[in-house]
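>>> After the sequence you'll find the predicted model.
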Amino acid sequence: MTSRLRMDVVSCIVAYQKLSRDIFKRKGWRYWGGVSNKPWDGVKGSPWFDSKDLEDAIVEVLEQRLPSDEMELTKASPREAPLLDSLEGNCKSLVCAVNADTLECALLRSYLVVDQQLNKDSFDCTIIDAVKATSAAPFGFPTAKIGTTEFFDVALENNNPTLEVINEVRRSLGNPHIQCLVSIGTGKSKLPNHRCRAFGGFAPLGYIPIDTEQQHQEIMTDSSYKNIRARYHRFNVEGGLIEIDPDRRDKIPEITRLTREYLLRHDVRTAISQCAQLLERG
């Protein structure tokens, strides 16, 4: 939203609050007792939420936010709008998804890169395709297809693709210098081995591993990244944020409280100030 749709942070928060109400609607009554269909869906391996609701909600955002000059240029409807940004001076952005066949991380880009072979190998997808591919997860939304290839959310393999971003800048954009690198986490887990719950706290095979700190530690300890550390900042809210299920709209006040408490910490405020100075000089 912040790059491809040119939305500010406040607009993104407002949009997400509405999105979460529209997309996290549980499917109908499924089993005897009628308390909740979540456990039954979990046993069957079925997704709890409908990708059609997700798609319709994103289309509504696109209708409101896609620039009119872009729509005129591409002649595409909001539902068919390409992830590739066709306007001059655009902010380059990418999202990561896992190829279900190879289990490799695929980068879905809003821009063309220096390496023409990479451009040829890139997946030609719409904004809707990218959203569905990066939302697909067990007990959440179903896997998504781009062409004939199925994808699921990279967070199940790696919820902090900072190293992929570094490699992308160095290899694909032909620019070895990184002025400022900001990594924003989804919360530090209090559980061992960085393992967290599935949606609703139910996972037949136990906790789903979602790694949030491994790449951060690698950057901070691996000598090959020593030239980046002075320009690298990682912000990750503590206090149980990661344990809040994505479909819990009622927890938004708690998310807000935890985030504000984190931002008021002296060490965090100092890091934000240093980060802002780097961005200003960039």
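On my side now, so go ahead. Numbers count the residues shown, from 1 in each chain.

>>> just the strands in this structure please.
For the chain, the strands defined by DSSP state E cover 94-99, 105-109, 144-146, 149-153, 181-184, 195-196, 208-209, 232-235.

>>> okay, those strands in a markdown table with mean pLDDT next?
Output for the strands of the chain, formatted as a markdown table (pLDDT from 0 to 100):
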| stretch | mean pLDDT |
| --- | --- |
| strand 94-99 | 90 |
| strand 105-109 | 90 |
| strand 144-146 | 91 |
| strand 149-153 | 87 |
| strand 181-184 | 94 |
| strand 195-196 | 46 |
| strand 208-209 | 47 |
| strand 232-235 | 95 |
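
>>> pLDDT weak spots in the stretch 151-282 of the chain?
Within the stretch 151-282 of the chain, the stretches with pLDDT under 70 are 155-158, 175, 190-212.

>>> which stretches of the stretch 151-282 of the chain form helices?
Remark: helices assigned in the stretch 151-282 of the chain by DSSP state H, counting those that start in this stretch are 162-167, 214-221, 252-263, 266-281.

>>> Relative to E88, which of these is closest?
helix 266-281 (22.0 Å; CB to CB). Where C-beta positions appear, they are placed from N, C-alpha and C, glycine not excepted.

>>> same for the closest one, what does it pack against?
Counting contacts by 3 or more CB pairs under 8 Å, 6 or more residues apart in numbering; DSSP states H and E, helix 266-281 packs against strand 232-235, helix 252-263.

>>> Please identify the most buried of the ones you listed.
strand 232-235 (a mean of 18; mean count of other CB atoms under 10 Å).

>>> any chance of the strands of the chain in TSV, with distance to Q116 too?
Shown next, in TSV, are these (distance: least, CB to CB, whole Å):
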stretch	distance to Q116
strand 94-99	17
strand 105-109	14
strand 144-146	20
strand 149-153	21
strand 181-184	26
strand 195-196	40
strand 208-209	36
strand 232-235	30
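
>>> follow-up on the earlier one: quick one, which of the helices of the stretch 151-282 of the chain is packed in tightest?
helix 162-167 (a mean of 17).

>>> What is that one packed up against?
When contacts are defined as 3+ CB pairs under 8 Å, 6+ apart, helix 162-167 packs onto strand 181-184, helix 214-221.

>>> Now render the ones you listed as TSV, adding distance to R229.
Output for the helices and strands packed on helix 162-167, formatted as TSV (distance: least, CB to CB, whole Å):
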stretch	distance to R229
strand 181-184	9
helix 214-221	7
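
>>> So for G140, which of the helices and strands packed on helix 266-281 sits nearest?
helix 252-263 (18.0 Å).

>>> got the angle for that closest one vs helix 266-281?
80 degrees (axes from the mean of the first three to the mean of the last three CA atoms, to 10 degrees).

>>> List the contacts of helix 252-263.
Contacts with helix 252-263, where a contact means CB atoms under 8 Å, 6 or more residues apart in numbering, come from 17, 20, 187, 235, 237-241, 244, 268-269, 272.

>>> Please repeat the previous calculation with a cut-off of 6 Å.
Residues outside helix 252-263 that contact it (CB atoms under 6 Å, 6 or more residues apart in numbering): 237, 239, 241, 268.

>>> Which members of those residues are classed as buried?
237, 241, 268 (16 or more other CB atoms under 10 Å).

>>> Go through these and name the one nearest S224.
Taking CB to CB as the measure, S224 lies nearest V268 of these, at 27.0 Å.

>>> The nearest residue to the closest one once chain neighbours are set aside and I244: what is the separation?
The shortest distance from V268 to any non-neighbouring residue, by CB to CB, 6 or more residues apart in numbering, is to Y262 (6.0 Å). With the distance defined as CB to CB, to the nearest Å, Y262 ends up 14 Å from I244.

>>> Kindly report the same for T221.
29 Å.

>>> if I pick D85, what's in contact with it?
S110 are the contacts of D85 under CB under 6 Å, 6+ apart.

>>> and the gap between it and M1?
Taking CB to CB, one finds D85 at 13 Å from M1.

>>> Please apply the same query to R260.
21 Å.

>>> swap in P47?
Counting by CB to CB, the gap from P47 to M1 is 23 Å.

>>> returning to what we had before: now distance to S172 too, for the helices and strands packed on helix 266-281, in JSON lines please.
Converted to JSON lines, the helices and strands packed on helix 266-281 look like this (distance: least, CB to CB, whole Å):
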{"stretch": "strand 232-235", "distance to S172": "19"}
{"stretch": "helix 252-263", "distance to S172": "32"}
